[in-house]
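Asker: After the sequence you'll find the predicted model.
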Amino acid sequence: MIHIGAWSILPAAILGFLVGGLWYGPIFGKAWMAARGFTAESAKAGANMALIFGLTFVLNLFSSAVLFHVFEHIGVTGIHLALMVAGGAALGFIIPAIGVNYLFSRMTFKLFLIDAGYWLVIYLAMGLALLYLR
């Protein structure tokens, strides 16, 4: 049987997807493209945007579901613990992992900050959604 709070997984994933649209659109889109060496045209050239966005949403849904199960397992009921767990997942696992990849890929620190900031914000947003939409 699915716990009724599990229905918060979908809106949390949608919120994460929307955060990404804002983060890599009007907020940091131009800086991100410049750091990656893209132009607006080259970013779209040869890319299957429907597949990219579709899989991005599926991956956000998966992350939201895992975060929900962590919340359920440890009994997250308040904002402080929700932000600690969600932010801790980003700061303790995701951001260091991309940091290692960026070091070996010789990506710029500016690009790292843009992408790391995104992961921190998306996890905090999903954590709040999971907490308040149960």
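Answerer: Received it, and whenever you're ready, just let me know what you need. Numbers count the residues shown, from 1 in each chain.
Asker: Report the helix or strand with the lowest average pLDDT across the chain.
Answerer: helix 40-44 (a mean of 81; mean pLDDT, DSSP states H and E).
Asker: hmm, who's touching it?
Answerer: Among residues not part of helix 40-44, those counted as contacts by Cβ atoms under 8 Å, 6 or more residues apart in numbering are 33, 36. Backbone N, C-alpha and C define where each C-beta goes, glycine included.
Asker: Tell me which residues are up against stretch 86-94.
Answerer: Among residues not part of stretch 86-94, those counted as contacts by Cβ under 8 Å, 6+ apart are 67, 70, 119-120, 122-124, 126-128, 130.
Asker: Off-centre distance for the helix or strand following the least confident helix or strand of the chain?
Answerer: In the C-terminal direction, the helix or strand that comes right after helix 40-44 (DSSP states H and E) is helix 49-74. On the basis of Cα atoms, centre = their mean, to the nearest Å, helix 49-74 is displaced by 9 Å from the centre of the chain it belongs to.
Asker: do stretch 103-111 as well
Answerer: Taking mean C-alpha positions (Cα atoms, centre = their mean), stretch 103-111 and its chain are 19 Å apart.
Asker: Now the terminal residues of it, how far apart.
Answerer: One end of stretch 103-111 sits 11 Å from the other (Cα to Cα, to the nearest Å).
Asker: Give the buried residues for it.
Answerer: 107, 111 (16 or more other Cβ atoms under 10 Å).
Asker: Roughly how far does Glu72 sit from Met126?
Answerer: When distance is defined by Cβ to Cβ, to the nearest Å, Glu72 is 14 Å away from Met126.
Asker: if you count what's nearby, which of those two comes out ahead?
Answerer: Here Glu72 and Met126 are compared on neighbour count by other Cβ atoms under 10 Å; more neighbours surround Met126, at 29 against 14.
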